[in-house]
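>>> next one to model:
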Amino acid sequence: MTRKAAPLAAIGRGVFAGVAGTAVMTAFQKFVEMPITGREESFAPANFAARVRST
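Purely as a prediction, here's the structure:
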């Protein structure tokens, strides 16, 4: 691997790990935690983003 390729490969692995981790955490929350606790979905983050975007 060249000197320039090594940092790019590390960044790529990091991005992949972040996406994979987010997917696993979201799936666990939706299919395990929410049914056990009876908690409904929250739209607060989306509502906040919409308010910030419209200002």
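
>>> can you tell me the SS state at the most centrally placed residue in the chain?
Centrality entry for the chain: nearest residue to the mean C-alpha point is Thr22, 3.5 Å, by CA atoms, centre = their mean. Counting by DSSP: H, G, I helix; E, B strand; the rest coil, the backbone at Thr22 sits in helix.

>>> kindly report the same for Ile11.
helix.

>>> for Phe43, see how far away it is.
32 Å (CB to CB, to the nearest Å). For the C-beta atoms, the positions are set from N, CA and C on the backbone; glycine is no exception.

>>> same check, this time on Arg51
The value you get for Arg51 to Phe43, if CB to CB is used, is 12 Å.

>>> follow-up on the earlier one: what's the distance between the residue nearest to the centre of the chain and Ala49?
Computed as CB to CB, the Thr22 to Ala49 distance reads 16 Å.

>>> ok, now Phe16?
25 Å.

>>> low-scoring stretches of the protein, by residue?
For the chain, residues meeting the criterion pLDDT under 70 lie at 1.

>>> helices along that one, start to end?
Secondary structure of the chain, counting by DSSP state H: helices at 5-28, 34-37, 44-54.

>>> elements contacting the longest one?
In other words, helix 5-28. Helices and strands in packing contact with helix 5-28 are not found; criterion 3 or more CB pairs under 8 Å, 6 or more residues apart in numbering; DSSP states H and E.

>>> could you dump that helix to PDB, C-alpha only?
Listed next in PDB are the C-alpha coordinates belonging to helix 5-28 (Å, rounded to 0.1, in the frame of the first residue of the first chain):
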ATOM      1  CA  ALA A   5      -3.500   4.900   0.200                       C
ATOM      2  CA  ALA A   6      -3.100   3.900   3.900                       C
ATOM      3  CA  PRO A   7      -4.900   7.000   5.300                       C
ATOM      4  CA  LEU A   8      -7.600   6.700   2.700                       C
ATOM      5  CA  ALA A   9      -8.100   3.100   3.600                       C
ATOM      6  CA  ALA A  10      -8.300   3.900   7.300                       C
ATOM      7  CA  ILE A  11     -10.900   6.600   6.600                       C
ATOM      8  CA  GLY A  12     -12.900   4.200   4.400                       C
ATOM      9  CA  ARG A  13     -12.900   1.600   7.200                       C
ATOM     10  CA  GLY A  14     -13.900   4.200   9.700                       C
ATOM     11  CA  VAL A  15     -16.800   5.400   7.600                       C
ATOM     12  CA  PHE A  16     -17.900   1.800   7.000                       C
ATOM     13  CA  ALA A  17     -17.700   1.000  10.700                       C
ATOM     14  CA  GLY A  18     -19.700   4.100  11.600                       C
ATOM     15  CA  VAL A  19     -22.500   3.200   9.100                       C
ATOM     16  CA  ALA A  20     -22.600  -0.400  10.200                       C
ATOM     17  CA  GLY A  21     -22.700   0.500  13.900                       C
ATOM     18  CA  THR A  22     -25.500   3.000  13.300                       C
ATOM     19  CA  ALA A  23     -27.500   0.400  11.400                       C
ATOM     20  CA  VAL A  24     -27.100  -2.200  14.200                       C
ATOM     21  CA  MET A  25     -28.000   0.200  16.900                       C
ATOM     22  CA  THR A  26     -31.100   1.500  15.100                       C
ATOM     23  CA  ALA A  27     -32.300  -2.100  14.400                       C
ATOM     24  CA  PHE A  28     -31.800  -3.100  18.000                       C
END
